[in-house]
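Colleague: No letters, just coordinates:
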Ligand SMILES: Nc1ncnc2c1ncn2[C@@H]1O[C@H](COP(=O)(O)OP(=O)(O)OP(=O)(O)O)[C@@H](O)[C@H]1O
Ligand SMILES: [Mg+2]
């Protein structure tokens, strides 16, 4: 009994975390920024019963176990339309089912195929079973010449199944997102492009190296070295980064100074990528970061990188400028150019969505409007969720069948949501630097 | 040993000549030679000489299957880790290696078995000898698996497990014939998933592997 009570007490916290995690892993489809279900998860006084064993939890759990591209798409979708109704959930069963780990003979075969030798022929030691599951592969630990290495191996056939996975998800996406086919395709293309890239490990190694070199000057970051001679289309070998994922690290009660140090490193990392490199690690979910003993932030997994086109960059980031909401004309122009509002909208819709987007940018831009922002402020996140809830329950919003927002926004939004939520999990206060022209 | 080699090599060479000649003919013409007479003539051999080595084209095809099987076994047994493998892993390793051996003869096998209606008749007879040898191998694996409790001893059906593994071999072969994915990655996935299913069925908790396999087929076909 005692344990039960205790469990319940911890629910609100884990719920915030869960919601945060959810948002961090998913991208948003469409221009509607904020998630409808989130409030329910944040506000524990609401239907407690439901919270305990509700769909959301089930779905979240099953989604987090999903592998491959269906996982990513399903995550994105549930982000948008919150809880998948039971009926849909059942239909998802096929896609949700998580694949068993690769057998060791297949690992051997993969090594034979690409390196002409089994793992034992290359490394001094090599774990027979995976030490970590990845969404499209698994990670083994190896040693060679005194170095500890992480070896990531992809499941066979994943890259071929991206399109069919997406087709599987499509009918549900159509109904859940309330879009028409053409609009959905517009986003699905973007998603497919990224997913196909994620299965190309040769590209991942190239990008990891490029970005880690370009970010080498940023304090308190740690990047693994990548080893070409033991990497191929389906295998990546890199240094093992020892340390803890954010959640475990937080359980060790780090000092506020350490939390801020890690948070600042994270912010600086994204600042440099977005504003200087114009290409960004677009998968900021907790599994892709490891905090080391000296509170340095290890960054692994450059599978998902979004290159930011210059015109999109110029069009999108002014929205983050302080006082932007007040400049009606400029704002209108941006809304049009980013496809938030278009001529297909009725006058009434135009007014409504202009209001909605204004609310959203003033809220989401907040960290940019000040020099230093405290992401530990749960109240801020609650406001975001509440806004999302209000919007998605709004008749106007439900009626509209337009996809809103440029396709490039999909991953950029996902990135910022992920970033904010990681910073929230870290309870960090950071200097929210911005380029000169955004000040 | 030394003394007999000379004799044997001569003998072996004829056998080899026939096997190679047959494969080449199939590769170049996309079909079997019209008759043993014609085939022997092409090889500058007398027809009766042919019969010292093989009784028919069927027996040639059969011994090609057997030699693929033999070299597969040779290779897996040469692997250090093989001894440490569980039975499931041993069977996986067998299929992965076997597929590599088949790959060396892909064009030949495609010419003979791509046509489904013809293969329906010829495949079972061409592989009869291979099947027998395979079932010996499978039988060993199964008894090892029973000892290690990897395989459940069930009444009646347990005696048919070797047949089930054979059906799997046939399934994988047919799947591979149609596989157009780069590096036959889909066949690798099919092996992995179908073996997991088979061993789960023979062991416990089949549902997970079944769903995984069904999903895979649904998506790739
Ligand atoms: N270099 C490394 N050092 C230590 N652990 C690692 C390393 N690389 C990967 N891991 C572990 O393996 C897990 C999965 O790896 P990774 O994130 O690269 O896979 P993924 O397929 O990209 O997964 P996803 O797409 O879900 O992020 C990580 O969360 C981490 O725990
Ligand atoms: Mg990852």
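Modeller: Yep, it's here. Here the structure is a predicted model, which means the values were calculated and not measured. Numbering: from 1, shown residues only, chains lettered A, B, ... in the order given. Ligands and ions are numbered 1, 2, ... in the order given.
Colleague: and residue A:153, helix, strand or coil?
Modeller: Following DSSP: H, G, I helix; E, B strand; the rest coil, residue A:153 is assigned to strand.
Colleague: need the contact list for it.
Modeller: Shown in contact with residue A:153 (Cβ atoms under 8 Å, 6 or more residues apart in numbering or on different chains): A:102, A:107, A:110, A:137, A:138, A:139, A:140, A:234, A:235. (Glycine included, C-beta is placed from N, CA and C.)
Colleague: okay, it: pLDDT?
Modeller: Looking at residue A:153, its pLDDT reads 94.
Colleague: who's it bridged to?
Modeller: residue A:138, residue A:235 (DSSP bridges).
Colleague: where are the low-confidence patches of chain B?
Modeller: B:1-12, B:154-158, B:204-209, B:211, B:221 (pLDDT under 70).
Colleague: Return the residues in contact with residue A:270.
Modeller: A:280, A:281, A:284, A:415, A:419.
Colleague: so where do the helices sit in chain B?
Modeller: B:2-29, B:36-42, B:47-53, B:57-78, B:87-104, B:106-113, B:116-126, B:128-147, B:161-178, B:185-202, B:207-220 (DSSP state H).
Colleague: Residue numbers of chain A in contact with ligand 1?
Modeller: A:132, A:134-137, A:139, A:150, A:152, A:224, A:238, A:240-241, A:283, A:287-288, A:290, A:300-301, A:303 (Cβ under 6 Å from any ligand atom).
Colleague: hmm, 8 Å instead?
Modeller: Residues of chain A found near ligand 1 (Cβ under 8 Å from any ligand atom) are A:71-72, A:131-139, A:141, A:149-150, A:152, A:154, A:198, A:224, A:236, A:238-243, A:245, A:283, A:285, A:287-288, A:290, A:298, A:300-301, A:303-304.
Colleague: Which of the three states applies to the closest residue to residue A:125 other than its chain neighbours?
Modeller: Spatial nearest neighbour of residue A:125, excluding adjacent residues (Cβ to Cβ, 6 or more residues apart in numbering or on different chains): residue A:143 at 4.7 Å. Secondary structure state of residue A:143, per three-state DSSP, is strand.
Colleague: neighbours around residue A:143, how many?
Modeller: The tally of other residues near residue A:143 (other Cβ atoms under 10 Å in any protein chain shown) stands at 14.
Colleague: Now do the same contact list for residue A:262.
Modeller: Contacts of residue A:262 (Cβ under 8 Å, 6+ apart): A:220, A:254, A:291, A:295, A:296, A:297, A:426, A:428.
Colleague: got it, and residue A:198?
Modeller: Residue A:198 neighbours (Cβ under 8 Å, 6+ apart): A:136, A:204, A:303, A:304.
Colleague: Outline the domain layout of the chain.
Modeller: As the question left the chain open, I've gone with chain A. A:1-99, A:100-134+A:136-240, A:243-439 (automatic domain parsing).
Colleague: wait, I meant chain B there
Modeller: B:1-54, B:58-212.
Colleague: and the ones you listed, which is most packed in?
Modeller: The highest mean neighbour count among the domains of chain B, using mean count of other Cβ atoms under 10 Å in any protein chain shown, belongs to domain B:58-212: a mean of 17.
Colleague: Span of it from start to end?
Modeller: 38 Å (Cα to Cα, to the nearest Å).
Colleague: So which bits of chain B are right by chain A?
Modeller: When proximity is defined by Cβ under 8 Å from any Cβ of the partner chain, chain B lies next to chain A at B:79-81, B:85, B:88-89, B:92-93, B:96-97, B:100, B:181, B:183, B:185-186, B:188-189, B:191-192, B:195-196, B:208-209, B:211-212, B:214-216, B:218-220.
Colleague: Flag every residue of chain A that's near ligand 2.
Modeller: A:287, A:288, A:301 (Cβ under 5 Å from the ion).
Colleague: in a helix, that's where the last one is, yeah?
Modeller: No. When the secondary structure is assigned by three-state DSSP, residue A:301 falls in coil instead of a helix.
Colleague: Pull the contacting residues for it.
Modeller: By Cβ under 8 Å, 6+ apart, the neighbours of residue A:301 are A:134, A:281, A:283, A:287, A:288.
Colleague: Ranking by neighbours, what's the top pick from the residues you listed?
Modeller: Busiest of the contacts of residue A:301 [other Cβ under 10 Å] is residue A:281, holding 27 neighbours.
Colleague: I'd like the distance between residue A:181 and residue A:187.
Modeller: 11 Å (Cβ to Cβ, to the nearest Å).
Colleague: Those two - which one has more neighbours?
Modeller: More neighbours surround residue A:187 than the other of residue A:181 and residue A:187, with 23 against 10 (other Cβ under 10 Å).
Colleague: on that earlier part again, hmm, which of the residues of chain A next to ligand 1 are the buried ones?
Modeller: Buried members of those, scored by 16 or more other Cβ atoms under 10 Å in any protein chain shown, are A:71-72, A:133-139, A:141, A:149-150, A:152, A:154, A:198, A:224, A:236, A:238-241, A:243, A:283, A:285, A:287-288, A:290, A:298, A:300-301, A:303-304.
Colleague: these two touch, right, residue B:152 and residue B:202?
Modeller: Yes. Between residue B:152 and residue B:202 there is a contact at 6.3 Å, judged by Cβ atoms under 8 Å.
Colleague: What distance do you get for the residue of the stretch 201-350 of chain A found nearest chain B to ligand 1?
Modeller: Here the stretch 201-350 of chain A gets closest to chain B at one residue, residue A:234, 8.4 Å apart by Cβ to the nearest Cβ. Applying Cβ to the nearest ligand atom, to the nearest Å, the value for residue A:234 to ligand 1 is 12 Å.
Colleague: Find the nearest non-adjacent residue to that residue, please.
Modeller: residue A:154 (4.4 Å).
Colleague: of all the contacts of residue A:301, which two lie farthest apart?
Modeller: A:134 and A:281 (15.5 Å; Cβ to Cβ).
Colleague: Can you get me a residue count around the residue of the stretch 201-350 of chain A closest to chain B?
Modeller: 24.
Colleague: show me what contacts it?
Modeller: A:110, A:114, A:137, A:153, A:154, A:156, A:201.
Colleague: Does the third one touch residue A:155 like I think?
Modeller: Yes. Assessed by Cβ under 8 Å, residue A:137 is found in contact with residue A:155 at 5.7 Å.
Colleague: rewinding a little: please report phi then psi for the residue of the stretch 201-350 of chain A closest to chain B.
Modeller: phi -120, psi 0 (degrees, to the nearest 10).
Colleague: pLDDT score assigned to it?
Modeller: 93.
Colleague: tally of neighbours for residue A:420?
Modeller: Counted with other Cβ under 10 Å, residue A:420 comes out at 22.
Colleague: so what's residue B:22 closest to, chain neighbours aside?
Modeller: residue B:60 (4.9 Å).
Colleague: Could I get the contacting residues of the one you found?
Modeller: Taking Cβ under 8 Å, 6+ apart as the test, what residue B:60 contacts is B:18, B:19, B:22, B:54.
Colleague: The first one and ligand 2, how far apart?
Modeller: Pointing back at residue B:18 there. Here residue B:18 is placed at a distance of 56 Å from ligand 2 (Cβ to the ion, to the nearest Å).
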